[in-house]
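**Student:** Quick one, what's the 3D model for this:
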Amino acid sequence: MSVRVGYFPHNNSLFVLRHRGILERRLPDVEWVDLRSLPPSERVDPKTGLPSLHSDWLFTDGGYDFIGTGFTPPVTGLANGRDLVYVGISGPRVENGRLVTEANSDIRTVADLKGKRVGIAHGSWQTTLLLFALEKAGLGWSDIEPIDTDVRDGGAALLNGDLDAWVGAYPGLTTVEAATELRTLIDTESVFSHPSLWFTRRDFAVDNRAALEVIIAALQESDAWIAANPREAAAYFVDDILTRGGTADLDAWEAALRGRPFGVNAVSEEFLDEQQHAADLLAANGLLPRAVQVRAAVLPWIGAAVEATKTGAPA
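**Tutor:** Predicted coordinates for the structure are as follows:
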């Protein structure tokens, strides 16, 4: 049976794993699915504007069986009735990004964002960060004008005046920091832990337990390599961007990877509390079709399998 693994650069771990050949040595029949190759019509839910590919393509012929994303996609998948289950999480990525504006802006606090244009990669962890920040300021989604940007393109929009504020992430933030002085309206650590996370379909987990455990072990091995070799890992991202006609800085990518945690951990109660809080806020602000209970997406044996790979037990 072919095991299909979805990947894209924004999940650094799976992107590097795709290039290292580690999983293929453990699980020969692997098919890699580049999420960037999906047609635009498959990427966004027209009702909410939230990307749907991360969860929907787990349940589509020709899609994939396993995926890693940021914080928000599994919540949107659950809300759309997808029977997915959590596999694991990274450590906190609180240095990865923050909500900023230019230092000379009249916007000094999150409360000042009312009626303002705020750039985010909508449907990613950035949506959750912005919702949490707005909640702390007594605001909601309808109080701002959210502008959907790519994770990297938002910085240019802030600099040219098309945005009033931006949820930026490294390495894209590096370019903006070099061009202008920024004011941090709220950092990630103030609102949530912002881990990477991985999930799969419930039927795949139950019917292919051995394969899932192999994927987890391969991720652990690859992540350990990234942590020990950040510059070599950064080259995979730079080469990919250059091949696609873009520009990228190896030093910036190396710095970004050095600032991120690598390794897969079992989902924790604290993480599930954050996911539930995000789910409740998304639903309350009209960004989900229904409320969800995230703990229904937990299979305890998966957490035990993740912990076993951390202690060096064979996959």
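**Student:** quick one: Asn11 and Pro73 touch, right?
**Tutor:** No - checked against CB atoms under 8 Å, the pair Asn11 and Pro73 is beyond contact range at 10.2 Å. (Glycine included, C-beta is placed from N, CA and C.)
**Student:** Does Arg260 belong to a helix, a strand or coil?
**Tutor:** For Arg260, the assignment made with DSSP: H, G, I helix; E, B strand; the rest coil gives coil.
**Student:** so it touches Asn96, yeah?
**Tutor:** Yes - using CB under 8 Å, Arg260 makes contact with Asn96 at a distance of 6.2 Å.
**Student:** So in the chain, which helix runs the longest?
**Tutor:** Assignment by DSSP state H gives helix 209-228 as the longest helix of the chain.
**Student:** Could I get the contacting residues of the closest residue to Ala252 other than its chain neighbours?
**Tutor:** Once flanking residues are discounted, Ala252 sits nearest to Pro171: 3.9 Å by CB to CB, 6 or more residues apart in numbering. Counting by CB atoms under 8 Å, 6 or more residues apart in numbering, Pro171 touches 248-249, 252-253, 255-256.
**Student:** all strands for the stretch 151-300 of the chain, in order.
**Tutor:** Assigned by DSSP state E, counting those that start in this stretch, the strands in the stretch 151-300 of the chain fall at 165-169, 182-187, 197-201.
**Student:** closest to Gly88 out of those strands?
**Tutor:** Judged by CB to CB, the one of the strands of the stretch 151-300 of the chain that comes nearest to Gly88 is strand 197-201, at 5.3 Å.
**Student:** For the residue nearest to Ala252, what are phi and psi?
**Tutor:** Dihedral pair for Pro171: phi -90, psi -10, per degrees, to the nearest 10.
**Student:** if I look at it, how far off is Ala279?
**Tutor:** Going from Pro171 to Ala279 by CB to CB, to the nearest Å gives 30 Å.
**Student:** cool, and Ala235?
**Tutor:** On the measure of CB to CB, Ala235 and Ala279 end up 37 Å apart.
**Student:** neighbour count winner among those two?
**Tutor:** Using other CB atoms under 10 Å as the criterion, Ala235 and Ala279 rank with Ala279 on top: 24 against 16.
**Student:** wait, what's in contact with the more buried one?
**Tutor:** By CB under 8 Å, 6+ apart, the contact set of Ala279 is 75, 78-79, 288, 291-292, 294.
**Student:** and stretch 10-25, average pLDDT?
**Tutor:** Averaging pLDDT along stretch 10-25 gives 95.
**Student:** List the contacts of stretch 227-238.
**Tutor:** Stretch 227-238 has contacts (CB under 8 Å, 6+ apart) with 9, 12, 15-16, 19, 225-226, 248-250, 253-254, 256-258, 262-263.
**Student:** Restricted to buried residues, select the residues you listed in PyMOL.
**Tutor:** Those of the contacts of stretch 227-238 that count as buried under 16 or more other CB atoms under 10 Å are selected in PyMOL with:
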select buried, resi 9+12+15+16+19+225+226+248+249+253+254+256+257+262+263
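**Student:** Which helix or strand lies directly C-terminal to the worst-scoring helix or strand of the chain on mean pLDDT?
**Tutor:** Lowest by mean pLDDT, DSSP states H and E among the helices and strands of the chain is helix 53-56, with a mean of 54. On the C-terminal side of helix 53-56, the closest following helix or strand by DSSP states H and E is strand 66-69.
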